[in-house]
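**Student:** the sequence isn't on hand, but the structure is:
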């Protein structure tokens, strides 16, 4: 179903993938377009309890595409260091493949937006977070990506530096 990684020595462990997903603050969600044209959009996210959560408006192109096909991929870049003198980039990234659904039950929608709020505003008092959520609640749509497959990869130079080759 999912292609096997060709350069297996560069594969990241599940723990390393998890660390990148936990540390990242943005990623790119890729969807199938209605006319076969790919659609990729950068998003803020939270990786919480093995799933990825995003917020968005209650209408728009992204939701139209998800209504037609809930399959998606999501990419997070954990490291992107250009090394000009070596004509390369030292990189680490993770890609998730899975399905996206709208959270419709109030309690799951609230849990997701709270996880997102804690991720981006960890020091805000709970009453301020609650007030902000209440202010936008009716216009808020929360999406949940459930991964079916997660893979990560790093450049060969980082593998060698870590002594794994």
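**Tutor:** Received the coordinates, thanks. Keep in mind the model is a prediction, meaning the values are calculated, not measured.
**Student:** okay, now residue 17: neighbour count?
**Tutor:** Residue 17: 24 surrounding residues under other C-beta atoms under 10 Å. Every residue, glycine included, has its C-beta placed from N, CA and C.
**Student:** tell me which stretches of this protein form helices.
**Tutor:** Secondary structure of the chain (DSSP state H): helices at 14-23, 61-68, 106-120, 126-136, 156-161.
**Student:** now do the same contact list for the closest residue to residue 158 other than its chain neighbours.
**Tutor:** Nearest residue to residue 158, sequence neighbours excluded (C-beta to C-beta, 6 or more residues apart in numbering): residue 90, at 5.8 Å. Residue 90 makes contacts with 79, 81, 83, 154, 155, 157, 158, as judged by C-beta atoms under 8 Å, 6 or more residues apart in numbering.
**Student:** which ones are touching the first one?
**Tutor:** The one in question is residue 79. Neighbour list for residue 79: 90, 91, 92, 93, 154, 158 [criterion: C-beta under 8 Å, 6+ apart].
**Student:** how close does it sit to residue 117?
**Tutor:** Using C-beta to C-beta, to the nearest Å, we find residue 79 at a distance of 27 Å from residue 117.
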